[in-house]
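*Asks:* Need coordinates for the following:
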Amino acid sequence: MQETLSITQTLAREIAETRASDIPADAYAAAKRLVIDHVGITYMGYAFTGAALVEYARDLGGKPEAVLFGEGTRVPAELAAGINGQLCRNTDFEECGPSQHVGPLCTHVALAVGQRTRASGKEVLAALALGYVMGGRFHFARRADDTVPQMRTVAAAISARLLGLDSASTANALSLAWEFPYRAHVYTNEREPKRISPFGIGNLFHARAGVQAAMMARFAFESVSDEIDRSSDEYDVSVLTQTPTPFHYLAGEMELKPWICSRHSQGAMQALTDLVEENGIDAHDVTGLRLRLSFMYLRPHQHEPAPDTYWQAIYSTQWAAAMVLQRIPAGPQWVTPERLADPFSRHLAGLVEIIEDEESSAAFRDLRWLDIRGAAEVDSNGRTYQATRTMRETYGSPGADMPQAMADQKFFETTALCLDRQRAERLLGALKGIDSAADINDTAALF
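*Replies:* This is a model prediction of the structure:
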């Protein structure tokens, strides 16, 4: 008689029993791009928001298992995964494909637990790939906006894989993570101007909870069984084991960001960049700028024409447009106190008018991310320049990967406040060869 598995058991078996050799090359390549991108932006997050979080982690202390970015202290893997994941998220420069903002969680749980277990670079990438795909499935299966349980469960899946748990223990880890207490995310509440949570999606808490769940399962602490299966009011559980093609959500839908702002406004940033470069537009000649975007960009905090703080600036669509107009490379230069106080930058941001594009709003509501479009209309020297780009045409999207030079520049820009150029080049070289590392700690020594 054929064995009948629950949804939880089916997911656990996939996590525990998929062979590294079964993961396609394009998924490994995407996982590596994600790690390189997110290691870089974690240094930016550390430079602007890291002091208190790192001191908190150092004060807690514990087994020296994984590196805290920016200053090199080793702390328990659970803590490193949470702190580093939060620093990465604290930039709004992270990927935003299926499961929305799951990249920092996948990257830093895999790196931290991989250091604890002395996993190879390829094992780290395999665990990351399996977790990312699970996150994509949960995203498209959800019936409500709350992403909290799926984030914790992705972290538990990655941790369980790297800890070498069997299918039964992995199923227990997934149920434990699903069961942990949580509250609905702040995104479900009405947003207020200039009121922004510094925890964003809450990677610090999700990462720690997921690693905890896997560790508890490793030591045979038991949850109620098949907890995910009992969530049909929140998720269409019947689709949680389905992917269009193997590893499609990673290899075919991951979206990295060329600019610091919400991912689905970046079609407009691509259009604006192309207009500025192709027509030689000088920011000092601009008298008006209109961006046509989905309804999301008429709401705080993405709609912020006069950002006063780092947190306001990283989310502000108007501020991003002002930086693009001035051809300032995306990275720390966008959000320093000096830049935020710059009268000309503030003038440009104040010129930006955001208008709802109904088709983009419909695509957003239907989760058709790659069909979302953005348009830019620039008034300069008595002329109006116009361009429209869909997310499919925007750098960082599937089929429109950032050119290598652009990806490398992003890495060097985001690490510049913490690493000198020589050290950054060494780290980038090690990350590009991460799949050949016999022990991820050899790479982590450069963090």
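
*Asks:* Please state the backbone phi and psi of residue 103?
*Replies:* Per-residue torsions, residue 103: phi -60, psi -50 (degrees, to the nearest 10).

*Asks:* isn't residue 194 right up against residue 303?
*Replies:* No - counting by CB atoms under 8 Å, residue 303 is not a contact partner of residue 194; they are 11.2 Å apart. For every residue, glycine as well, the C-beta is placed using N, CA and C.

*Asks:* surely residue 399 meets residue 392?
*Replies:* Yes - the pair residue 399 / residue 392 is scored as a contact, 6.5 Å apart, by CB under 8 Å.

*Asks:* okay, the two: which has more neighbours?
*Replies:* residue 392 (15 against 8; other CB atoms under 10 Å).

*Asks:* How much space separates that one from residue 255?
*Replies:* The gap separating residue 392 from residue 255 is 10 Å, by CB to CB, to the nearest Å.

*Asks:* Find residues that contact each of those two.
*Replies:* residue 398 (CB atoms under 8 Å, 6 or more residues apart in numbering).

*Asks:* Tell me which of residue 194 and residue 303 has more neighbours.
*Replies:* Neighbours were counted for residue 194 and for residue 303 using other CB under 10 Å; residue 303 has more, 18 against 13.

*Asks:* sec struct for the more buried one, please.
*Replies:* Secondary structure for residue 303, judged by DSSP: H, G, I helix; E, B strand; the rest coil, is coil.

*Asks:* List the residues that contact it.
*Replies:* So residue 303 contacts 297, 316-318, 354 (CB under 8 Å, 6+ apart).

*Asks:* Switch those residues over to JSON lines; also include distance to residue 200, neighbour count and secondary structure.
*Replies:* Formatted as JSON lines, the contacts of residue 303 follow (distance: CB to CB, whole Å; neighbours: other CB atoms under 10 Å; DSSP: H, G, I helix; E, B strand; the rest coil):
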{"residue": "297", "distance to residue 200": "17", "neighbour count": "25", "secondary structure": "helix"}
{"residue": "316", "distance to residue 200": "15", "neighbour count": "29", "secondary structure": "coil"}
{"residue": "317", "distance to residue 200": "17", "neighbour count": "28", "secondary structure": "helix"}
{"residue": "318", "distance to residue 200": "20", "neighbour count": "26", "secondary structure": "helix"}
{"residue": "354", "distance to residue 200": "22", "neighbour count": "22", "secondary structure": "strand"}
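
*Asks:* How many residues are close by the closest residue to residue 371 other than its chain neighbours?
*Replies:* Nearest residue to residue 371, sequence neighbours excluded (CB to CB, 6 or more residues apart in numbering): residue 363, at 4.2 Å. Residues within reach of residue 363, counting by other CB under 10 Å, total 20.

*Asks:* do the same with residue 167
*Replies:* Residues contacting residue 167 under the criterion other CB under 10 Å number 18.

*Asks:* I'd like the distance between it and residue 174.
*Replies:* 11 Å.

*Asks:* contact partners of stretch 328-342?
*Replies:* 44, 47-48, 93, 258-260, 307-310, 313-314, 319-320, 323, 345-346, 409-410, 413-414, 416-417.

*Asks:* Just the buried ones from those residues, in ChimeraX syntax?
*Replies:* In ChimeraX syntax, the buried subset of the contacts of stretch 328-342 is picked out as below (16 or more other CB atoms under 10 Å):
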select :44,47,48,93,258,259,260,307,310,313,314,319,320,323,345,346,409,410,413,414,416,417
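
*Asks:* circling back: now for residue 167 and residue 174: what residues contact both?
*Replies:* With CB under 8 Å, 6+ apart as the test, residue 167 and residue 174 both reach residue 12.

*Asks:* before we move on, back to that, just checking, the residue nearest to residue 371 touches residue 357?
*Replies:* No - applying CB under 8 Å as the test, residue 363 and residue 357 come out as separate, 9.2 Å apart.

*Asks:* Now the common contact residues for these two.
*Replies:* Joint contacts of residue 363 and residue 357 (CB under 8 Å, 6+ apart) are 294, 373.

*Asks:* about what we covered before: confirm the residue nearest to residue 371 sits in a helix?
*Replies:* Yes - assessed with three-state DSSP, residue 363 lies in a helix.

*Asks:* Show me what the lengthiest helix in the chain packs onto, helices and strands only.
*Replies:* Longest helix in the chain, counting residues (DSSP state H): helix 25-60. Contact partners of helix 25-60 among helices and strands, from 3 or more CB pairs under 8 Å, 6 or more residues apart in numbering; DSSP states H and E: strand 74-75, helix 77-89, helix 103-117, helix 121-141, helix 248-251, helix 404-415, helix 421-432.

*Asks:* Turn these into JSON lines, including mean pLDDT and distance to residue 149.
*Replies:* What follows is the helices and strands packed on helix 25-60, written out as JSON lines (pLDDT from 0 to 100; distance: least, CB to CB, whole Å):
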{"stretch": "strand 74-75", "mean pLDDT": "96", "distance to residue 149": "26"}
{"stretch": "helix 77-89", "mean pLDDT": "97", "distance to residue 149": "17"}
{"stretch": "helix 103-117", "mean pLDDT": "98", "distance to residue 149": "13"}
{"stretch": "helix 121-141", "mean pLDDT": "96", "distance to residue 149": "8"}
{"stretch": "helix 248-251", "mean pLDDT": "94", "distance to residue 149": "18"}
{"stretch": "helix 404-415", "mean pLDDT": "97", "distance to residue 149": "30"}
{"stretch": "helix 421-432", "mean pLDDT": "98", "distance to residue 149": "31"}
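
*Asks:* so which of the ones you listed gets nearest residue 372?
*Replies:* helix 121-141 (15.3 Å; CB to CB).

*Asks:* What angle do helix 25-60 and that closest one make with each other?
*Replies:* 100 degrees (axes from the mean of the first three to the mean of the last three CA atoms, to 10 degrees).
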